[in-house]
Each structure stands twice: as C-alpha cells, then as structure tokens.
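Participant: Build the 3D model from these lines:
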Amino acid sequence: MITKVLVFAGLRELLGGDIANVDLRDGATYATLVAELAAQFPNAVPLLEVSRIAAGGAFVAPDTQVDPNVEIAIIPPVSGG
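Facilitator: The predicted structure is shown next:
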C-alpha cells in the first residue's frame, strides 16, 4: 500500500517536499514506515530518529500498526523560544 506522510520543518527540506510517499506492506508499523523513509532519505536519519509520529491527530507509538485511512504526519522537534 502506498501511504502518504506529511512532513514538516527540517524534514520537509531534507525530503524535498511536504508529502512523502512510502510503500508499505499490510500490517506494517509506524517504525517500519520510519525505516522505509530512512532507507529512501539517508540524509534525514538523524532528524527522523528524534521525530514523533502522529496519526489521525494524535501521537502514536512506533509499534502501532499503520492505518492508511488516517492522516499521518512526522513531526520533528521544534526549536526556538
């Protein structure tokens, strides 16, 4: 299944846009999704490792199964003050 993932801030720049498409098998977890993104974009690994995943507007654990019917976003840490 092709899954659309919204990306923000520094990740958007590293991945080259606001949306990344990830090809996942049925039953994949969010950890698998991040691993696939890391394989596609090795330069983004340091930021992917510290980012959080949201699905359907709520943060999810990496071992949660991906639901392709909800909006998925990867949110890097924010800096500033």
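Participant: Regarding Leu37, what is its secondary structure?
Facilitator: What DSSP: H, G, I helix; E, B strand; the rest coil gives for Leu37 is helix.
Participant: Could you list which residues are in contact with the closest residue to Phe41 other than its chain neighbours?
Facilitator: Closest residue to Phe41 apart from its sequence neighbours, by Cβ to Cβ, 6 or more residues apart in numbering: Leu15 at 5.4 Å. All C-beta atoms are positioned from the backbone trio N, CA, C, and that covers glycine. Shown in contact with Leu15 (Cβ atoms under 8 Å, 6 or more residues apart in numbering): 7, 37, 41, 44.
Participant: go on, Ala44?
Facilitator: Ala44 makes contact with 11, 14-15, 37-38 under the criterion Cβ under 8 Å, 6+ apart.
Participant: Just the buried subset of those, written out for ChimeraX, thanks.
Facilitator: Only the buried entries of the contacts of Ala44 go into this ChimeraX selection, using 16 or more other Cβ atoms under 10 Å:
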select :11,14,15,37
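Participant: Columns pLDDT, distance to Thr29 and secondary structure on top of the contacts of Leu15, output as CSV?
Facilitator: Listed next are those as CSV, based on pLDDT from 0 to 100; distance: Cβ to Cβ, whole Å; DSSP: H, G, I helix; E, B strand; the rest coil:
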residue, pLDDT, distance to Thr29, secondary structure
Val7, 90, 18, strand
Leu37, 93, 13, helix
Phe41, 93, 19, coil
Ala44, 93, 19, helix
